[in-house]
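*Asks:* here are the coordinates; sequence isn't available:
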Ligand code: GDP
Ligand code: IMO
Ligand code: MG
């Protein structure tokens, strides 16, 4: 059996959580392959709105396998909070959620290092979620990290103390006051909780499931434009968010990949700093933020908003080998008299449709204009019933990117979906 991959094509928050929840009934299991609690994946159903950070978005469907892959970085404190809030909703995960031995741990001191690093950058800060993601992945590639499997062996506490001391030495270089002990208690409680879950060689688990004919969906976090290699560096996250990241983050061969589903918001948003060519810092942008409730699921920060960016979308599709597009938050564009889609960039007088190496250049977006619509589409469940103007907007995108948009999301609830 092949594994399908679902990932965000913009700067994150495209609605991955909702779509994974919608698709989960078709699969035997869901596996997260990268990122950590910087992610906030929202799901809504039966008047419940829930946000997941490190746990895959398949957990609300009965009898599904959920896997946290080796490419994920786990903060035991956040994990504990997530498990507890799921238990409050009556979801008992212990037999349903498998954790990779090779997933790296985020220590309380990683969070402090993250904050110290951002403070030192001053005006050029990344706008990190401050969840310790960058420092944890640095320790992974620096070959200093602690992994989930380490909690099963002897001497875990010594390994922990050794790494924290290393972090203290680094922190001496920063003029930054901190108190690690504040977070340590809940962190070690989180470690105890992780012990109660099946801690597995997830690369074997995933490949065994596929060999046994089980269907799996790999869930990405963040988005392609935040990829450590291909995003708008240095304003990116610290993992590979692209499709290839699923091979590394789960231990699967590229030959096992089936469909690659790319999620795109009907417009663009970005949280944190960094280039955003189609950003609207005007009333139109404010209206998108208000109508779209564009505030971070993890940090609550207002999201920057702007028009859909085709050069960026085409770049993301190319990098991931996307074969189906799913469009979310289409309903949010209702009530705008005129809509725009950026088809090209004008950079220093030259018209281009590729992302430049230096995204900090003065980029002037070239727009195609579209008529808006006023009809409420939030309870619409078939394509033909959508307003003509929206169909035109969708067909224009499909024609430009040469891919079908096979799912259109028209609201946050799992029932608010149009399949084609
Ligand atoms: P993710 O990180 O990609 O899972 O996305 P987030 O959950 O961070 O942000 C998406 C937000 O939009 C959440 O609040 C969702 O509940 C909401 N959402 C998802 N799809 C739709 C949609 O089609 N319409 C509306 N109005 N909201 C949506
Ligand atoms: P989901 O999975 C949106 C952004 C941060 C910051 C940059 C680096 O919900 O789509 P980090 O915490 O990784 O050091 O932050 O990346 N960022 C996200 N933006 N959605 C996310 O995840 C994000 N995860 C990180 O705002 O600009
Ligand atoms: Mg999110």
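*Replies:* Noted; the coordinates are in hand. Every value quoted in this text rests on a predicted model; they were computed, and no experiment measured them. Numbers count the residues shown, from 1 in each chain. Ligands and ions are numbered 1, 2, ... in the order given.
*Asks:* CA only for contacts and neighbour counts going forward, please
*Replies:* Will do.
*Asks:* I'd say residue 110 and residue 136 touch.
*Replies:* Yes: the pair residue 110 / residue 136 is scored as a contact, 6.0 Å apart, by CA atoms under 8 Å.
*Asks:* can you count the residues close to residue 154?
*Replies:* By other CA atoms under 10 Å, the residues close to residue 154 number 9.
*Asks:* Please read the previous query as pertaining to residue 342.
*Replies:* Residue 342 has 21 nearby residues by other CA under 10 Å.
*Asks:* Also residue 212?
*Replies:* So residue 212, with other CA under 10 Å, has 10 neighbours.
*Asks:* Contacts only, for it.
*Replies:* residue 1 (CA atoms under 8 Å, 6 or more residues apart in numbering).
*Asks:* pLDDT at it, what is it?
*Replies:* Note on residue 212: pLDDT of 98.
*Asks:* What of residue 170?
*Replies:* 96.
*Asks:* The helix or strand hosting it: which residues count as buried?
*Replies:* Taking DSSP states H and E as the definition, residue 170 sits inside helix 156-172. For helix 156-172, a neighbour-count test (16 or more other CA atoms under 10 Å) marks 159, 163-164, 167-168, 171 as buried.
*Asks:* Also stretch 411-420?
*Replies:* So, applying 16+ other CA under 10 Å, buried residues of stretch 411-420: 411-418.
*Asks:* just how off-centre is it within its chain?
*Replies:* 19 Å (CA atoms, centre = their mean, to the nearest Å).
*Asks:* where do the strands sit along the stretch 1-150 of the chain?
*Replies:* 3-8, 29-32, 41-45, 48-52, 65-68, 73-74, 97-100, 104-105 (DSSP state E, counting those that start in this stretch).
*Asks:* would you list the ones you listed in JSON lines and tack on mean pLDDT?
*Replies:* Putting the strands of the stretch 1-150 of the chain into JSON lines (pLDDT from 0 to 100) gives the following:
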{"stretch": "strand 3-8", "mean pLDDT": "98"}
{"stretch": "strand 29-32", "mean pLDDT": "98"}
{"stretch": "strand 41-45", "mean pLDDT": "97"}
{"stretch": "strand 48-52", "mean pLDDT": "95"}
{"stretch": "strand 65-68", "mean pLDDT": "98"}
{"stretch": "strand 73-74", "mean pLDDT": "98"}
{"stretch": "strand 97-100", "mean pLDDT": "98"}
{"stretch": "strand 104-105", "mean pLDDT": "98"}
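*Asks:* and ligand 2, which of those is closest to it?
*Replies:* strand 41-45 (5.2 Å; CA to the nearest ligand atom).
*Asks:* Next secondary structure after the helix holding residue 170?
*Replies:* By DSSP H and E, the next helix or strand past helix 156-172 is helix 181-195.
*Asks:* What residues does the stretch 1-150 of the chain have near ligand 2?
*Replies:* By CA under 6 Å from any ligand atom, the part of the stretch 1-150 of the chain that sits against ligand 2 consists of 11-13, 38-41, 126-131, 133-134.
*Asks:* near ligand 1, from those?
*Replies:* Within these, those near ligand 1 by CA under 6 Å from any ligand atom are 12-13, 39-41.
*Asks:* How about the residues of the stretch 151-300 of the chain by ligand 2?
*Replies:* So far as CA under 6 Å from any ligand atom goes, the stretch 151-300 of the chain lies against ligand 2 at 221-223, 236-238, 271-273.
*Asks:* Name the nearest of those residues relative to residue 215.
*Replies:* Closest approach between these and residue 215, by CA to CA: residue 221, at 19.9 Å.
*Asks:* Count the residues that sit near the closest one.
*Replies:* Using other CA under 10 Å: residue 221 sits among 32 other residues.
*Asks:* Show the contacting residues for residue 153.
*Replies:* Residue 153 touches nothing, counting by CA under 8 Å, 6+ apart.
*Asks:* backbone phi and psi for it, please?
*Replies:* phi -90, psi 180 (degrees, to the nearest 10).
*Asks:* separation between it and ligand 1?
*Replies:* Distance of residue 153 to ligand 1, given as CA to the nearest ligand atom, to the nearest Å: 34 Å.
*Asks:* wouldn't residue 134 be in contact with residue 238 here?
*Replies:* Yes: between residue 134 and residue 238 there is a contact under CA under 8 Å: 5.4 Å.
*Asks:* hmm, back to that, include secondary structure, pLDDT and distance to ligand 2 when you put the buried residues of stretch 411-420 into JSON lines, please.
*Replies:* Converted to JSON lines, these look like this (DSSP: H, G, I helix; E, B strand; the rest coil; pLDDT from 0 to 100; distance: CA to the nearest ligand atom, whole Å):
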{"residue": "411", "secondary structure": "coil", "pLDDT": "98", "distance to ligand 2": "17"}
{"residue": "412", "secondary structure": "coil", "pLDDT": "98", "distance to ligand 2": "14"}
{"residue": "413", "secondary structure": "strand", "pLDDT": "98", "distance to ligand 2": "17"}
{"residue": "414", "secondary structure": "coil", "pLDDT": "97", "distance to ligand 2": "17"}
{"residue": "415", "secondary structure": "coil", "pLDDT": "97", "distance to ligand 2": "21"}
{"residue": "416", "secondary structure": "coil", "pLDDT": "98", "distance to ligand 2": "20"}
{"residue": "417", "secondary structure": "strand", "pLDDT": "98", "distance to ligand 2": "20"}
{"residue": "418", "secondary structure": "strand", "pLDDT": "98", "distance to ligand 2": "22"}
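*Asks:* how about these in a markdown table, adding distance to residue 348?
*Replies:* What follows is the buried residues of stretch 411-420, written out as a markdown table (distance: CA to CA, whole Å):
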| residue | distance to residue 348 |
| --- | --- |
| 411 | 39 |
| 412 | 40 |
| 413 | 44 |
| 414 | 45 |
| 415 | 46 |
| 416 | 43 |
| 417 | 42 |
| 418 | 41 |
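*Asks:* got the residues of the stretch 1-150 of the chain near ligand 1?
*Replies:* 12-18, 39-43.
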